[in-house]
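Peer 1: using only what follows, build the 3D model:
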Amino acid sequence: MAKARAITKRRKTVQNIRKITRTMQLIATARFQAAFNRATATKPYTQHITELVERLSGGQTQIEHPLLRVNAESKRSVLIVLTSNRGLCGGYNAAILRAALEHLKAGERAGRAVNLHVMGRKGIGFFKFLGRALAASDTRFEDKPRFEDVNTIAEELIAGYERQKLDAVHVSYMKFVSTAVQRVTTLQLLPIERPKAEEAARPAAQVQYEFTPPAPELLAELLPETVKARLFQCFTDAAVSEQVSRMVAMKAATDAAGDMVRSLSQQYNRARQSQITLELLDIVSGAEALR
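Peer 2: Numbers count the residues shown, from 1 in each chain. From the prediction side, this is the model:
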């Protein structure tokens, strides 16, 4: 009977865990929908302003701007790593941190110092465990990143790049493609890349523009806004990808707990049946002994 009681206790524990994971799955699903709406709402603006700047900067006007220039003299770059504050989201953080480490090692092999700007408790704890110094860290960004907060970070990076203190700015994050597909990406934020020669040769890229105000003044406003929009898109993509990963992980945990409950129920039934059989044998043996 002791074995049956142990199985019953374990089954109740697994059932309680299943309730928790099921609740977390439902919460992640609700948060995913809100984060998905924000990410898809900002994506068209980000894509179109990026395309416009690429076409203008790659046209025949050969416009020059500090954010388009490569700061070859500087040997210091910035890597922004976007991780989550909470766990239980499968391999979400591990995949991002692997990509960030690969980028760090590549920079070190090239003789470049890389300043780490880490967002999220998981990333901060990981790099502190490795003994990596952090130039900046932040835990404010949850599933609802605010543009005001991202704008402050972007302005600091733009100012550092324009003063030629940095030669590049990259962002390691989970890019949201669809509900079924999220890709780990290390995006070059600065310098803004001009379109390649074959892209510039396309008819759509050879459109002649008339600028009012003049092109340098126009791009002086557009280029910083492009950097801010792209960085904010990275944060919104990371937020929705985190919720997708947590939703999938909690569903898998709930399903696994359900399978374990069924297995334990079968074990309990077998143990209980064996116990009843033994008790019947004892009764029959006692009755036979009294004859």
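Peer 1: the lowest-mean-pLDDT helix or strand in the chain: what's the following helix or strand?
Peer 2: Within the chain, confidence by mean pLDDT, DSSP states H and E is lowest for helix 197-200 among all helices and strands, at a mean of 48. Going down the chain from helix 197-200, the next helix or strand is helix 215-290, by DSSP states H and E.
Peer 1: helices or strands next to that following helix in the packing?
Peer 2: Counting contacts by 3 or more Cβ pairs under 8 Å, 6 or more residues apart in numbering; DSSP states H and E, helix 215-290 packs against helix 2-57, strand 76-82, helix 92-109, helix 147-162, strand 168-176, strand 182-190. Heads up, the C-betas are built off the backbone N, CA and C, glycines and all.
Peer 1: give me the buried positions along the third one.
Peer 2: Buried positions in helix 92-109, judged by neighbour count with 16 or more other Cβ atoms under 10 Å: 92, 93, 95, 96, 97, 99, 100, 101, 103, 104, 107.
Peer 1: list the contacts of the fifth one.
Peer 2: Meaning residue 97. Residue 97 makes contact with 81, 83, 122, 123, 126, according to Cβ atoms under 8 Å, 6 or more residues apart in numbering.
Peer 1: so which of those is the most crowded?
Peer 2: Among the contacts of residue 97, the one with the most neighbours (other Cβ atoms under 10 Å) is residue 81, at 30 neighbours.
Peer 1: find me the pLDDT at that one, would you?
Peer 2: Residue 81 carries a pLDDT value of 95.
Peer 1: ok, which of the helices and strands packed on helix 215-290 comes nearest residue 267?
Peer 2: The closest of the helices and strands packed on helix 215-290 to residue 267 is helix 2-57. By Cβ to Cβ, the value is 5.4 Å.
Peer 1: residue ranges in the stretch 101-250 of the chain under the pLDDT threshold?
Peer 2: 195-211, 213-215 (pLDDT under 70).
Peer 1: cutoff 50 now
Peer 2: The model of the stretch 101-250 of the chain has pLDDT under 50 over residues 197-198, 200-201, 205.
Peer 1: and residue 72, helix, strand or coil?
Peer 2: State at residue 72, reduced to three classes by DSSP: H, G, I helix; E, B strand; the rest coil: coil.
Peer 1: I'd say it and residue 167 touch.
Peer 2: Yes: using Cβ atoms under 8 Å, residue 72 makes contact with residue 167 at a distance of 7.0 Å.
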